[in-house]
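Q: sequence and predicted structure, then a few things I'm wondering about:
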Amino acid sequence: MIIRPARNILGSVRLPGDKSISHRYAMLAAIAQGTTRLANFSTGADCASTLGCVQQLGGGVRKNNDGVVEIDGRERLQAPRESLDCGNSGSTMRMLAGILAGQDFACDLHGDESLTRRPMKRIIEPLRLMGAEVTAAAGDRPPLHIHGGKLRAIEYKMPVASAQVKSAVLFAGLFAEGETTVEEPHRTRDHTEQALRAFGVELSRSRNRVTLRGGQKLSAIEAAVPGDISSAAFFLCAAALFPGSNLVIDNLLLNPTRASLLDVLKILGARLSVINLEEHHGELVGTVKIEHGPLKGITIEGAQSVALIDELPVLAAIAPYTRDGIEIRDAKELRVKESDRIALVARNLRAMGAECEEHEDGLRVPGNQKLHGAEIDSGGDHRIAMAFAVAALRAEGESVIHGAESAKISFPEFFTMLESVAER
Ligand code: S3P
């Protein structure tokens, strides 16, 4: 994909449904009583992987004429005939493992080359403590073999702040006898808690601890999935780069555990406003308007790095265009995402002529730098491809994004939508 420099970003966009919420609604729909109807379901390949697995497990999955995804739930899932294909999706494998731990059958889960490199010990440990038999090739990596069954409730202190791990344990907790509690070192996205409540499950939260009682029944829901804020991040950051930009995004997910990017852009100097706030199934949704303001700099660390984990690549990619630069710390998890995102961001910034410092847990990107167009290596990682398409908009000369098709993992419409708002 060739990206030419732009003059500014103008217009309005509406985004396909949030990936995190789509995964959770689809998985819970599979074990709920009745038929769940989901409008604006994520169009990404990751959520299609989840739907494929749900289907293999006996959940009826259809798309009706209005594009609404319908899922028939069942009280007990059915043993799949073949290994479950999770594609590129860590969320599918890790969260589904929690549900499978509570089923009365054995099954296997596998993924593509990138997923096969990702750590699974983080879910294997708690699920084993709950009584499931879970094994992985080479101890920690997919494919996974899960033999589910009767589970016992646990109180689990997570060593890494991961919403996927929290979700796996809570999902398994639905099938356990007694009260399961998960404690997180930093607050992670709370879509699982909101989704469980929407499907009729009672749970309680106090500080960083969530508790639910096993054996509760779920009931189907009708919902429209709010626009994906991690996809919106590319447009918001692109708009922030150009004086004269003016972009409106409506129907956008604004859950406070996901919307830290808006705070960061404000601190950097962009002008942002939020209107039409509503709440749907516990999720905040609204319209965001962004205009340029001179961008200063920021250090992102601690809990903020956890909250912004998927948006860090694009923030790092626009950092050279700020006045004081951006420093990212406490983000070691970036190294075990779909790619080593710290290494790839550093390599591609350097390819564009930028200076940057790479750390084990982050990056420091000085501000006030001029970038030139370059050959970008996305490493087959959707967020790297999209982050550097944004950086390329303000570079001198054209850039070529290699592996641009990886955008389809979360956001197949990305390049067409970017063209529709980029003025040249
Ligand atoms: C996600 C949680 C995060 C995030 C991923 C989606 C989720 O991963 O990076 O893209 O939907 O729960 P971790 O749980 O590994 O932090």
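A: That came through, no problem.

Q: any idea of the pLDDT on Ser139?
A: No, residue 139 isn't Ser; it's Gly. On the pLDDT scale, Gly139 is placed at 86.

Q: what count of nearby residues applies to it?
A: 10 (other C-beta atoms under 10 Å). C-betas here are computed from N, CA, C, even on glycine.

Q: am I right that it falls within a helix?
A: No: counting by DSSP: H, G, I helix; E, B strand; the rest coil, Gly139 falls outside a helix, being coil.

Q: now the end-to-end length of stretch 148-162.
A: Start-to-end span of stretch 148-162 (C-alpha to C-alpha, to the nearest Å) is 22 Å.

Q: right, is it up against the ligand?
A: Yes: counting by C-beta under 6 Å from any ligand atom, the ligand has neighbours in stretch 148-162: Ser162.

Q: which residues does that stretch contact?
A: Residues outside stretch 148-162 that contact it (C-beta atoms under 8 Å, 6 or more residues apart in numbering) are 100-106, 122, 126, 129-133, 165-166, 169, 172-173, 175-188, 214, 306, 333.

Q: which of the three states applies to the closest residue to Lys266 other than its chain neighbours?
A: In space, and not counting its chain neighbours, Lys266 is closest to Leu272: 5.5 Å by C-beta to C-beta, 6 or more residues apart in numbering. Of the three states, Leu272 takes strand under three-state DSSP.

Q: number of residues surrounding Leu272?
A: By other C-beta under 10 Å, 17 other residues sit near Leu272.

Q: Glu291 versus that one, what's the distance?
A: 8 Å (C-beta to C-beta, to the nearest Å).

Q: flag every residue of the stretch 51-200 of the chain that's near the ligand.
A: 91, 162-164, 167, 189.

Q: got a winner among those for most neighbours?
A: Taking other C-beta under 10 Å as the neighbour criterion, Ser167 ranks highest of those with 30 neighbours.

Q: how many other residues sit next to the residue nearest to it when sequence neighbours are not counted?
A: Spatial nearest neighbour of Ser167, chain neighbours left out: Thr192 (4.2 Å); criterion: C-beta to C-beta, 6+ apart. Neighbours of Thr192 under the rule other C-beta under 10 Å: 28.

Q: one step back: give me the subset of the contacts of stretch 148-162 lying in helices.
A: Among these, DSSP state H puts 100, 122, 126, 129, 165-166, 169, 172-173, 306 in helices.

Q: before we move on, the earlier item: what is the residue nearest to Lys266 paired to in the beta sheet?
A: Ile290 (DSSP bridges).

Q: how close does it sit to Gly286?
A: 11 Å.

Q: can you check Gln216 too?
A: Distance of Gln216 to Gly286, computed by C-beta to C-beta: 31 Å.

Q: these two: which has the busier surroundings?
A: Gly286 (20 against 14).

Q: tell me the contacts of Gln140?
A: Careful, residue 140 is Asp; it's not Gln. 119-121, 124 are the contacts of Asp140 under C-beta under 8 Å, 6+ apart.

Q: for stretch 176-185, output the C-alpha coordinates as PDB.
A: These are the backbone C-alpha positions of stretch 176-185, laid out as PDB (Å, rounded to 0.1, in the frame of the first residue of the first chain):
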ATOM      1  CA  ALA A 176     -17.000 -23.300  39.000                       C
ATOM      2  CA  GLU A 177     -18.500 -24.200  42.400                       C
ATOM      3  CA  GLY A 178     -18.300 -21.200  44.700                       C
ATOM      4  CA  GLU A 179     -17.000 -17.600  44.300                       C
ATOM      5  CA  THR A 180     -14.200 -16.800  41.900                       C
ATOM      6  CA  THR A 181     -12.200 -13.700  42.500                       C
ATOM      7  CA  VAL A 182      -9.600 -12.100  40.200                       C
ATOM      8  CA  GLU A 183      -7.300  -9.300  41.300                       C
ATOM      9  CA  GLU A 184      -5.400  -7.200  38.800                       C
ATOM     10  CA  PRO A 185      -2.200  -5.300  39.500                       C
END
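
Q: in helices only, show me the contacts of Asp140.
A: Of the contacts of Asp140, the ones assigned to helices by DSSP H are 121, 124.

Q: which one (most neighbours) among the contacts of Asp140?
A: Highest neighbour count within the contacts of Asp140: Met120, with 26 neighbours (other C-beta under 10 Å).

Q: roughly how far does it sit from Gly379?
A: Distance check for Met120 against Gly379: by C-beta to C-beta, it reads 21 Å.

Q: got the contact list for Gly373?
A: 3, 5, 352, 392, 395-400.
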